[in-house]
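Trainee: Got a predicted structure plus its sequence, pasted below:
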Amino acid sequence: MSNSNTYLKKANLKATPVRLRIMEIFSEATHALGNAEIEIQFNDLDRITLYRTLKAFEEKGLIHRITDLDGNTKYALCEAKCIEQQHHEHHAHIHFQCLNCHLTFCVENVEIPEIQIPGNFVVTGQNITMTGKCEKCI
């Protein structure tokens, strides 16, 4: 059984051809993907199916959402260890956005330290995006 099929099963999602293909696209990606980048991989995928699939994947902890500095929504596959252990609260990591090609990358090996916020705030998420040039644009 493929990893995609295994992950879908652990997330209690039916392994449809569209879901398997989208998981495959994410697993082959080197950067976070926008809807258009996924959509172009299909001949006739309607946007509603794509939207519902991405929403289900995000709710089940298979992917996480990134809003880049341009305001675009992108998605990236969660680390295998998070998917396998069914962590629905994603570990904190840094994102890097290239100012030249505008691709966004997850930097998994750098953890964001826990930051204590003063006052009566309830932190429900955090996002640190570093900018610069990626290795292809240097």
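Mentor: Ah, there it is.
Trainee: longest strand anywhere in this structure?
Mentor: As assigned by DSSP state E, the longest strand anywhere in the chain is strand 104-111.
Trainee: Can you give me the buried ones in it?
Mentor: Within strand 104-111, the residues scored as buried using 16 or more other C-beta atoms under 10 Å are 104, 105, 106. Bear in mind the C-beta positions are built from the backbone N, C-alpha and C, glycine included.
Trainee: dump the residue contacts of residue 101.
Mentor: By C-beta atoms under 8 Å, 6 or more residues apart in numbering, the contact list for residue 101 reads 134, 136, 137.
Trainee: try 6 Å
Mentor: The contact partners of residue 101, taken as C-beta atoms under 6 Å, 6 or more residues apart in numbering, are residue 137.
Trainee: do the one 5 residues further on as well
Mentor: Contacts were defined as C-beta under 6 Å, 6+ apart; by that measure residue 106 touches 76, 93.
Trainee: in the sheet, who's paired with it?
Mentor: Note on residue 106: beta-bridge partners by DSSP bridges are residue 95.
Trainee: quick one, strands of the chain?
Mentor: Here the chain has its strands, by DSSP E, at 63-67, 73-77, 93-98, 104-111, 128-132.
Trainee: ok, how many other residues are close to the nearest residue to residue 3 once chain neighbours are set aside?
Mentor: Nearest residue to residue 3 in three dimensions, chain neighbours excluded: residue 27, at 6.9 Å (C-beta to C-beta, 6 or more residues apart in numbering). When neighbours are counted by other C-beta atoms under 10 Å, residue 27 registers 13.
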